[in-house]
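Chemist: A predicted structure for the sequence below; I have some questions about it.
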Amino acid sequence: MKEYRINDKWILDRVSSQSTSFSQWIENLMKTVEDSIEELDPEQLKALKKNKEFSSLKNLDKEIARAQRDIGKMGNVGGLLNKMGSNISNWVAKTIEKELEGTESELEELDFDIGMITGQQKSLSSALYDVSQDRGIESKGLLYLIKALPDLEAFLYSTSVQKYYRDHTEHALRVAVLGDFLLEQDLGQGTLSGVISDLTGLDNNLLKDKYWWVAGLIHDIGYPLGKMTTAVNFSLVNQLLKCYPTLDLEFWPFEISLSWKGNQEEYLNIIEDGLSKEARALIREGVGFNKFNKISQKSHVYLRTEEGHPEFNYQSILNLDHGVISALSLLNGLGTPDEIKNNEEYEGYIMTAKAIALHNFKAQLKEYTFDSHALAFFLMLIDELQEWGRPIPIQVRDTYFTTEIKKVTLVDDILLNLDEFSWLLQFKNEKAKELMKFNFNSFSKEKKKTFGRLDRGESFSKTTINLQDLKISKGIKKKGQILDQSTIVI
């Protein structure tokens, strides 16, 4: 039975195995850790080197070298991660720090700052640039946008959009790496990449080494733009109303959307070509096509009352969809509409853009069948499975006067039984569940609804997703009591 525990360390190991530069980064990082400990306490370093966990992590580069293979160039998608790395490198530091905490050494007694140490090293984003080289994205405009994503994401986190915003930078990397792994697997009809290649007509190598990575890494790139109106109007305006209850206030709602005064509709036509009438209607709705001039232009007045100001709940006529925005960003980055349509080499990227544009709609579309739109199906499946390690910002009042934003994660890993192609998600972080008032039944219903969009057709393996709500005992063995569970079958 082939079983895998998919978590951030697994992702890190897999990325490392595909990049000399990345493994060199790991080696340099571990050397700096050793040097820092030696300066503080040489005896501790000797004890640490004897520890199996630390040795395993330290020798990761040697293990990687033995397993390395030439998977081609990943392209400027890597530059894509240049600024994403500011978030991702924190994740790497935490992964390494967790390994150090698991050792028998008494590092906690040392003045040891892993964050400071990792901050002095080559950034993960630079290493991932090499991993991703030549995998498809070469547009300077698109790369610039991706570099800015973590700053935009930090803004959305700080505003706590609708009190629930999850990361989309680390998530994109996890989706890309997990999908890359699954494309190599034989689920009964040959490798999954081969099956998708046969169904779509895409070259197998290009599918795995370029098109999938582009789909995985940038499928959520439009999220900040899609949520910016909400971020400003819901969070910032309401904070101001709370801060100034004794003042009369007047303001204009903030709105931002795509412009259709240039040739952007031509890119939209490329995405829509060949799709169903229902899908095309959702795509137009998802970009607010020609709706911006219909937005009501009137101010909102809030006069002070004894109870303060009521909550501002702005309802925009625009409902931007980050999937369609991401797809447009990709096509705009490739060239002019004529260049894209007249270049056979771009057919794979057009199909990738269609998959990205379709992945977020909640409707039941015929495009969600594996046999007819394999890449869209696959992206949606992996996107929904990637639940581990995703931080959720929770506002917690730490004193009478101040409120702290805490990030909690509900799932630490996901278990994959490859023989049965079954997945197990266990919710066992009691503190996280309590802080966010987690409702397992509501979560299960939502997951059944999202996975229920997918039709595996005749060519994709039966897929089972098991969800479990656990309560972990405080004993030494820390056994889990199943409070509730749910099974989803595709």
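Modeler: Sure, I can see it.
Chemist: all contacts plus neighbour counts: C-alpha atoms, from now on.
Modeler: Will do.
Chemist: neighbouring contacts of stretch 479-488?
Modeler: Stretch 479-488 has contacts (C-alpha atoms under 8 Å, 6 or more residues apart in numbering) with 428, 440, 444, 448, 451, 464-473.
Chemist: Flag the least confident of the residues you listed.
Modeler: The weakest per-residue confidence within these falls on Ser473 (75).
Chemist: For that residue, give me its contacts.
Modeler: Applying C-alpha under 8 Å, 6+ apart, the residues near Ser473 are 479-481.
Chemist: Go again with 6 Å.
Modeler: Ser473 makes contact with Lys479, according to C-alpha atoms under 6 Å, 6 or more residues apart in numbering.
Chemist: That one and Thr450, how far apart?
Modeler: Going from Ser473 to Thr450 by C-alpha to C-alpha, to the nearest Å gives 32 Å.
Chemist: Outline the domain layout of this structure.
Modeler: The record's domain split for the chain, according to automatic domain parsing, is 7-133, 136-386, 390-490.
Chemist: Quick check: end-to-end length of the last one?
Modeler: Using C-alpha to C-alpha, the gap from the first to the last residue of domain 390-490 comes to 24 Å.
Chemist: phi, psi of Ser259?
Modeler: Main-chain torsions, Ser259, degrees, to the nearest 10: phi -100, psi 140.
Chemist: Tell me the pLDDT of it.
Modeler: pLDDT, Ser259: 90.
Chemist: With Gln386 instead?
Modeler: Model confidence at Gln386, given as pLDDT, is 93.
Chemist: Tell me which residues of stretch 300-320 come out buried.
Modeler: 302, 304, 308-309, 318, 320 (16 or more other C-alpha atoms under 10 Å).
Chemist: Narrow those to those in strands?
Modeler: Within those, residues falling in strands by DSSP state E are Tyr302.
Chemist: Which of the buried residues of stretch 300-320 fall in helices?
Modeler: Residues of the buried residues of stretch 300-320 located in helices (DSSP state H): none.
Chemist: Out of the buried residues of stretch 300-320, which two sit at the greatest distance?
Modeler: Arg304 and Leu320 (33.1 Å; C-alpha to C-alpha).
Chemist: residues near Ala355, how many?
Modeler: Neighbour count for Ala355, taken as other C-alpha atoms under 10 Å: 27.
Chemist: what's it in contact with, if anything?
Modeler: With C-alpha under 6 Å, 6+ apart, Ala355 has these contacts: Ala376.
Chemist: That one and Phe377, how far apart?
Modeler: As judged by C-alpha to C-alpha, Ala355 and Phe377 stand 8 Å apart.
Chemist: And for Thr305?
Modeler: With distances taken as C-alpha to C-alpha, Thr305 is found 52 Å from Phe377.
Chemist: on that earlier part again, now list the buried members of the contacts of stretch 479-488.
Modeler: 428, 440, 444, 448, 451, 464-472.
Chemist: For those residues, could you give me a markdown table that also reports distance to Leu328 and secondary structure?
Modeler: What follows is these, written out as a markdown table (distance: C-alpha to C-alpha, whole Å; DSSP: H, G, I helix; E, B strand; the rest coil):
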| residue | distance to Leu328 | secondary structure |
| --- | --- | --- |
| Lys428 | 39 | coil |
| Phe440 | 35 | helix |
| Ser444 | 32 | helix |
| Lys448 | 29 | helix |
| Phe451 | 25 | helix |
| Thr464 | 33 | strand |
| Ile465 | 32 | strand |
| Asn466 | 35 | strand |
| Leu467 | 35 | strand |
| Gln468 | 38 | strand |
| Asp469 | 39 | strand |
| Leu470 | 41 | strand |
| Lys471 | 44 | strand |
| Ile472 | 45 | strand |
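Chemist: Quickly check those residues for the two that are furthest apart.
Modeler: Pairwise distances across the buried ones among the contacts of stretch 479-488 (C-alpha to C-alpha) peak at 27.7 Å, for the pair Phe451 and Ile472.
Chemist: Cheers, nothing more for now.
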